[in-house]
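**Student:** quick one: sequence and predicted model below, then my questions.
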Amino acid sequence: MKSYRYISSVVPFKVDVMDLTYSFTLWAFIIYLAFVACSSTEGQSQMIGPSGLIIAAPGDDIILPCHLEPPLNVQSLTVEWSKPDLKPDPSDRLSRVGYVHLYRGRREVVDMKIPSYIGRTELFTDGLKKGNISLRIINVTLADSGRYRCFIPKLNSKVKDSVVELVVDPNHGQTWTTEMPLQTPEPKEERDDTVWPSRSRVIPAVVLSVALILAVGGMAVYLIKHNLRKTQEFTEKC
């Protein structure tokens, strides 16, 4: 009888070790998937434009602000500035709407531009390596009013474009674009991450922490319930 009790007491222990190993492997895999999902989004640059309208008077030189956060060197990427509200001539199947500004192959592509913008637009080439893709338009006219879309086709991000609206008003006084030097604020090279880290770092960290807590908590609850059930079965057998 003693040997029978000894053997019976060892069997549940072996089962618990196997279940513990299986549970740990399962939850470790879940945590790994959560970490991979967070890592895939962390560090991705998103395109950010102005929150309001850009208002100018005819003849002003203006800047349509747009940049990537976190900063990313886009000198080797294609940058497209277009007017999404312009449509091709429906009567001409071969017609197409050109670009306000097209940067491709590390240079401006002029032959694909809207004729009225030729010689009046430019990017800040030195700022491209810091993610500054703002567009400068000189001597704006009433016809320049409308929405402008900045788009980077091969940007590794969920947010690849931004829309800016320009209003050219003859009654508008001198704007901030003429009062300030024609330079866009470059993305900060040094950011105080000790005060408040960027959202691109905070969100993945929070998601990973929650996944870890849920995984550990779920594993603990499972093991407790499983051990109670095994103990009850063992007691009934005895």
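**Tutor:** Nice, thanks for sending it over.

**Student:** state the mean pLDDT of stretch 157-168.
**Tutor:** Averaging pLDDT along stretch 157-168 yields 94.

**Student:** same question, stretch 69-78
**Tutor:** Per-residue pLDDT values over stretch 69-78 give a mean of 94.

**Student:** helices of the protein, start to end?
**Tutor:** Along the chain, the stretches classed as helices by DSSP state H are 2-41, 176-179, 199-237.

**Student:** which of those comes out lowest on mean pLDDT?
**Tutor:** Lowest mean pLDDT of the helices of the chain: helix 176-179, a mean of 45.

**Student:** longest strand of this structure?
**Tutor:** If you go by DSSP state E, the chain has its longest strand at strand 161-168.

**Student:** output that one as CSV, restricted to C-alpha atoms.
**Tutor:** Taking C-alpha atoms only, strand 161-168 is exported to CSV below (Å, rounded to 0.1, in the frame of the first residue of the first chain):
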residue,chain,number,x,y,z
ASP,A,161,0.6,61.1,-47.3
SER,A,162,-0.6,64.4,-45.9
VAL,A,163,-2.9,67.0,-47.3
VAL,A,164,-2.4,70.7,-47.0
GLU,A,165,-4.9,73.4,-48.0
LEU,A,166,-3.8,76.7,-49.4
VAL,A,167,-6.1,79.7,-49.5
VAL,A,168,-5.0,82.7,-51.7
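
**Student:** domains for the protein, by residue range?
**Tutor:** Taking automatic domain parsing as the criterion, the chain consists of the domains 2-42+200-237, 46-179.

**Student:** quick one: contacts for the closest residue to residue 117 other than its chain neighbours?
**Tutor:** Setting aside the residues directly before and after it, residue 117 is nearest to residue 100 in space (Cβ to Cβ, 6 or more residues apart in numbering), at 5.1 Å. Yep, even glycine has a C-beta here, placed from its N, CA and C like the rest. For residue 100, the contact set (Cβ atoms under 8 Å, 6 or more residues apart in numbering) comprises 81-83, 113-114, 117, 121, 135, 137, 148.
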